[in-house]
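J.: Just a sequence and a predicted model for now, questions to come.
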Amino acid sequence: MKDVPAPQSFYVGIDVSKDTLDVSCLTQAGFHNYGQFENTRAGLQKLNRWLLQQQGFEYTTALFCMEHTGIYTRQPVEFLLLRNARIWMESALHLKRSIGMIRGKNDKVDSYRIARYAMVNKDEAKLVSPSNGILQLLKDLLACRTRINKSIQSLKVSVRELQRVDKASGKELDKLNKAALEGLKKSKTAIEKRMQELISSDPELKEIFALATSVKGVGRVLATELLIYTHKFTRMNNIKQLACYCGVAPFTHSSGTSVRGQTRTSHFANMNLKTTLHLAAMSSTQYVPDLRAYYRRRVAEGKPKMCVINAIRNKLLHRVLAVVKRGTPYLLNYAEINLVKS
């Protein structure tokens, strides 16, 4: 009777690009194999057959690792999740810095380095869970809305700058761009309407969205972005993690006795979310009474304005996270909560 090989822990590194998947398989025993496949459904089927040919390979015991490359990872991830595979999506910058000094690169070598990284750092793996279909569609709609906003702003700024130096040409371009701007604005309105319909269709999303927007200063866009990027506040339910992800957590910059830099925020953050949060904080300094009073008092005490605005960003995050965890809407006077409970 032929012996059946025992399942081994395979570490599969996948270098994802628009057209191809470069795949390297490693094991602790020193096994190494490489293959290249098209980033299509047909190519994924060939990948499946190739993987099953590796002696001792099983999807449930293997660890797949790949970089975040936007929409191009969507098909491979869905394909692997259907087979109950363990998937680790790692930051490209994190991977690059973990490797150390290197000379030269190509897709084949990159896939090997990713597999090697997964094998060495397997205890730190953060596995991907099946994504919510509504959240994925919301993310795509939000990205489309962002692109439309940039297009509108680009058209407006270019015409405005031209009018400063050549009023006749600027006026003519303004007339010609009017139809395009109106079309973009209609598309933006339709996208926002669709996003609201999706949120309302899911009871859990609807409840969390209502709680987040109950906080004064937090609008629909910021609440939607927080819902999407935190996966309904399940990925980052700690205020320090959330503040760090949004780029508003302060970090010291010092070393020994000679380096004494200013405490500052980090640029390693979700810049889209940070921008929206900043706009919400700026609006709060004008229209939210308690935050407006806080801003004026701290500035009068000599605090730098941006430092105070960053504190307001953190306050907004604290309040949103608090109401979501508590499950009750935000109340300006906390004493009112005790009255409601009693």
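T.: In hand now; what should we look at?
J.: which residues touch the nearest residue to residue 312 once chain neighbours are set aside?
T.: Once flanking residues are discounted, residue 312 sits nearest to residue 281: 4.3 Å by C-beta to C-beta, 6 or more residues apart in numbering. Bear in mind the C-beta positions are built from the backbone N, C-alpha and C, glycine included. For residue 281, the contact set (C-beta atoms under 8 Å, 6 or more residues apart in numbering) comprises 217, 309-310, 312-313, 316.
J.: The residues you listed: which two are farthest apart?
T.: 217 and 310 (14.4 Å; C-beta to C-beta).
J.: pLDDT below threshold where in the stretch 151-300 of the chain?
T.: 259 (pLDDT under 70).
J.: Where do the helices of it begin and end?
T.: 167-201, 203-213, 220-229, 239-245, 271-287, 289-300 (DSSP state H, counting those that start in this stretch).
J.: As a check, name the ranges of all strands in this structure.
T.: 11-16, 20-26, 32-38, 63-67, 86-90, 250-255, 259-265 (DSSP state E).
J.: Just give the nearest non-adjacent residue to residue 211, would you?
T.: residue 323 (4.7 Å).
J.: Surely the one you found is in contact with residue 329?
T.: Yes: the pair residue 323 / residue 329 is scored as a contact, 6.3 Å apart, by C-beta atoms under 8 Å.
J.: Find the residues that touch each one of the two.
T.: 211, 214.
J.: neighbour-wise, which of these two wins?
T.: Between residue 323 and residue 329, residue 323 has the larger neighbour count (other C-beta atoms under 10 Å), namely 21 against 13.
J.: list the contacts for the more buried one?
T.: So residue 323 contacts 211-212, 214-215, 329-330 (C-beta under 8 Å, 6+ apart).
J.: hmm, try it at 7 Å
T.: Neighbouring residues of residue 323 by C-beta atoms under 7 Å, 6 or more residues apart in numbering: 211, 214-215, 329-330.
J.: neighbours around residue 145, how many?
T.: So residue 145, with other C-beta under 10 Å, has 18 neighbours.
J.: any idea how far residue 146 is from the closest residue to it other than its chain neighbours?
T.: Excluding the flanking residues, the one nearest residue 145 by C-beta to C-beta, 6+ apart is residue 191, at 4.9 Å. To residue 146, residue 191 is 10 Å away according to C-beta to C-beta, to the nearest Å.
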